[in-house]
Structure formats: structure tokens, C-alpha cells
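> Give me coordinates for this.
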Amino acid sequence: MQTPLQIRISWPSGHLNASLDDTVTSQALARALPLVSTARTWGAEVYFDTGVSVSRETGAREVVEPGTVAFWTDGDALALPYGPTPISRGDECRLAGPCNVLGRLDGDPGLLATVRDGDPVRVELLDL
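Numbers count the residues shown, from 1 in each chain. I've put the predicted structure just below:
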């Protein structure tokens, strides 16, 4: 069995690790790491450009659980929802459009609330 990819997402006031499933999108992202980007916030979601361009996968979803690591193909961005966005219905995490689901954050997704719009974000592979 293949070990899932482990990544760390860091910003000035914290970091979270995530486990990614073995998908075409996660592999493309892994090849681009480490990367540094600028955080954007949209409701209770943090997203940022990755410079990685991939196609939408078959299982792409718009509504996901908090803590899902998603890839927004329309914006070449990682999307990390931790609560409702401006287009959510109720408490759901509704993304801007169908996103490829890559995996899950390993810690408390609520930590993402400490990310400020414009913060530098670093994503790197973790060696297991």
C-alpha cells in the first residue's frame, strides 16, 4: 500500500499538515513543491494560487467537509474550507465551483481562521 502524500501548509501565525490521496492532481501539486504563494480568504475558506494547472477530475465536488484539501481547477488554486463561504447554504462548505478533492487536513481546520488575506503561505512535502 502506498503511503499518502503528506504536506505542510504554513503561514505567519501557524501551520497545518495534510494527507493527500494518490490522485493526478496531488501528484502534479507534489511535483511543484515547495511553493510560496499569497493567501486569499473568502468567508471561512483560505485559497491561494499554486501555479499548477490540471483538469477537473471525475469526482470533483462543490460541497465538502470542513478541513477538505481541494483544488480549484478554474483558478489553479488550493482551496481550504473550514466553514461557510459567501455562497453556502446553512453551515455547509460550498466552494466557488467544482473542485478536485485531494485529501484532508490532519489538524483542526479552525486554525485556518488565523490566516489573513495577503499572508504569505508556504506548502512543502513532509518526509515521512
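> isn't there a strand covering residue 31?
No - counting by DSSP: H, G, I helix; E, B strand; the rest coil, residue 31 falls outside a strand, being helix.
> can you map out the strands along this protein?
5-11, 14-20, 35-38, 40-41, 45-49, 61-64, 68-72, 77-81, 93-105, 120-125 (DSSP state E).
> Save those as TSV, and put in mean neighbour count and distance to residue 87 too.
To be clear about C-beta, it is placed using only N, CA and C from the backbone, and glycine gets the same treatment. Output for these, formatted as TSV (neighbours: other C-beta atoms under 10 Å; distance: least, C-beta to C-beta, whole Å):
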stretch	mean neighbour count	distance to residue 87
strand 5-11	19	23
strand 14-20	18	24
strand 35-38	14	22
strand 40-41	18	14
strand 45-49	23	10
strand 61-64	15	9
strand 68-72	24	13
strand 77-81	25	11
strand 93-105	21	5
strand 120-125	16	23
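> can I get those strands in TSV with distance to residue 112 and mean pLDDT?
Listed next are the strands of the chain as TSV, based on distance: least, C-beta to C-beta, whole Å; pLDDT from 0 to 100:
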stretch	distance to residue 112	mean pLDDT
strand 5-11	9	97
strand 14-20	7	97
strand 35-38	14	98
strand 40-41	9	98
strand 45-49	5	98
strand 61-64	14	97
strand 68-72	11	98
strand 77-81	6	98
strand 93-105	8	97
strand 120-125	10	98
